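>>> Model the following, please.
(2 chains)
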There are 2 protein chains.
Amino acid sequence: MWKFKTPGIPDEEFERIEKVPITKEEIRVVQISKARLKPGQIIYDIGCGSGSISIEAALQIESSGKVLAIDYDENAIELTKKNMKKFDVTNISLIHGNAKEAILKLEEADTIFIGGTGGDTKEIVELSENKLKSGGRIVVGIILIETLYSVLQALNRLQFESVDITQVTISKSRKTSTGTMMLARNPVTIISATKI
Amino acid sequence: MWKFKTPGIPDEEFERIEKVPITKEEIRVVQISKARLKPGQIIYDIGCGSGSISIEAALQIESSGKVLAIDYDENAIELTKKNMKKFDVTNISLIHGNAKEAILKLEEADTIFIGGTGGDTKEIVELSENKLKSGGRIVVGIILIETLYSVLQALNRLQFESVDITQVTISKSRKTSTGTMMLARNPVTIISATKI
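Predicted coordinates for the structure are as follows:
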C-alpha cells in the first residue's frame, strides 16, 4: 500500500527481479507529471517492466480509471502482477505480447506511456497517435540517441503539439567510510506532447 | 485552475515577476514527491518565492489541509497571492517576514519545504526540527555548495532518518533555425529526510 496522494514510491518498495527494468523514482515522477493524469482516465503503459509507472498511474486515476500494461516479457507481466498485489491496486489490465499488435485492439487512451520498447519505439509512437483521444498525452522515456531522433521526427510529422523534450540526469548520495559521495546515473530523455 | 490530479503545472502558467524566483516544474515535482503529501496535512513553504510549491502542495493536501507560505520579500508574498487567485486555491496562509521568527509561532507541521532562504538554511533546518511532527518530512532545495554541506551536517546531528540526497540536472529543448538543441540548467540538490 502507498498511503500518500503524491506519486514517488521509493524504488526499494517495489518487488524486483533481475533483468526486468524499473523506471526509477525521480524519472518516474517527472514522467507521471508530464502525463497530467486525473481520475477516470484510460492509460496505456507500453513496456511496463516492473510496473512502477502502471502502479503510480493507477493510483492517480483511481478505480474509475484503468491502466493497460503491456510487455512482451512474461517476467515483466508476472512482476507487475506481484506489484499490483503489493500496492493493493486492481485497476490494471495486464497484456502479454507485442505492443504493436496488442494496442490495435484496445479502447482509446487519454495518456500513453512508452518506455523500454527495444527498437520499435518510433512505430509504437505512430500507432499510439491513432489510439489517443484528441487532447491526449504521450510520454516517452528514452535512453538511446537513435530513439530520441526517430521519436522527435515522428512527433513533428504527426498531429502533436506542445512537444516538450526534457533530459533528466540524477545523482544519488552514497555513504563512504570517510563521507558522502554522489553517484551518477545515466541521463534519461522524456519527450511529451499533446495530440491535437 | 489546474484541472489535473498530478502535480507538474507548467512554469509558464504561473504569474511571474522579475527577481522573484520560481521552483521550475521538474524540480518542483521531485520536491513534491519527496514530501509524500496527503489530504489534511499542515505544510510550511519557507521561501515561497512565486508560490509554485505552495500551490502544488495546497492542491495535493486539499481543503482539509493548509500551507503556511513564508517569505521575507513582500513581492513574493504578493505574487503568491496572485497565483492563489489564478489557480483558485484558498488553503494557503501568507506570512511576510523572517522565517526564523515566524515559524516559532506556527502550529506543528507534517512537511516543511525549505528553499530560497539566503544564508540561513542551516538555522531554519534546526528550527524546523522542533516544529515537525514525528514522522514528518523535510525537503530542502539547494543550489549552494556551502548550504549543501551545512544542511547535511545538521540533518546528521538532528533526529532525522532516511536522509536522501538527490541531485537533479535538467536540460530542455529549444528549436534553432536548423534543428533542436538542448539547453542546460544548473543542477539543484534536493535533500529530504524523515523526523524520527
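
>>> which bits of chain A sit near chain B?
Residues of chain A lying near chain B by Cβ under 8 Å from any Cβ of the partner chain: A:3-8, A:25-26, A:29-30, A:32-39, A:60-61, A:152, A:163-173, A:180, A:182. The C-beta positions use only the backbone N, C-alpha and C, and glycine is treated the same way.

>>> And those residues, which of them are buried?
A:4-8, A:25-26, A:29-30, A:32-38, A:60-61, A:152, A:163, A:165-173 (16 or more other Cβ atoms under 10 Å in any protein chain shown).

>>> if you look at the residues you listed, which of them are in helices?
A:25-26, A:29-30, A:32-35, A:60-61, A:152 (DSSP state H).

>>> Nearest to chain B, out of the residues you listed: which one, please.
Of all those, residue A:33 has the smallest distance to chain B: 2.7 Å, by Cβ to the nearest Cβ.

>>> quick one on the thing from earlier: want to throw the ones in helices among the buried ones among the residues of chain A next to chain B into a markdown table with pLDDT?
Formatted as a markdown table, those follow (pLDDT from 0 to 100):
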| residue | pLDDT |
| --- | --- |
| A:25 | 98 |
| A:26 | 98 |
| A:29 | 98 |
| A:30 | 98 |
| A:32 | 98 |
| A:33 | 98 |
| A:34 | 98 |
| A:35 | 98 |
| A:60 | 98 |
| A:61 | 98 |
| A:152 | 95 |
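
>>> can you tell me the average pLDDT over the longest strand along chain A?
Secondary structure assigned by DSSP state E gives strand A:160-175 as the longest strand of chain A. On average, the pLDDT along strand A:160-175 is 97.

>>> just stretch A:112-127 next, same as before
90.

>>> Quick one: end-to-end length of it, please.
11 Å (Cα to Cα, to the nearest Å).

>>> Distance from the chain centre to that stretch, please.
Chain-centre distance of stretch A:112-127: 11 Å, with Cα atoms, centre = their mean, to the nearest Å.

>>> how about it: buried residues?
A:112-117, A:120-122, A:124-125, A:127.

>>> now do stretch A:103-112
Buried-residue list, stretch A:103-112, by 16+ other Cβ under 10 Å: A:103, A:109-112.

>>> Residues in contact with that stretch: which ones?
A:35-37, A:41-44, A:46, A:57, A:68, A:70, A:124, A:127-128, A:131-133, A:136-139 (Cβ atoms under 8 Å, 6 or more residues apart in numbering or on different chains).

>>> rerun that using 7 Å as the cut-off
Applying Cβ atoms under 7 Å, 6 or more residues apart in numbering or on different chains, the set of residues contacting stretch A:103-112 from outside is A:35, A:37, A:41-44, A:46, A:68, A:127-128, A:131-133, A:136-139.

>>> what does stretch A:54-64 give?
A:2, A:7, A:9, A:28, A:32, A:37, A:39-41, A:43, A:45, A:48, A:67, A:69, A:80, A:83-84, A:87, A:89, A:91-92, B:5-6.

>>> what comes up buried for it?
For stretch A:54-64, burial by neighbour count (16+ other Cβ under 10 Å) applies to A:54-61.

>>> quick check, nearest of the residues you listed to chain B?
For the buried residues of stretch A:54-64, the nearest to chain B is residue A:60 (5.3 Å; Cβ to the nearest Cβ).

>>> before we move on, back to that, next, check the buried residues of stretch A:112-127 against the strands and list the overlap.
Under the assignment DSSP E, the buried residues of stretch A:112-127 contribute A:112-114 to strands.
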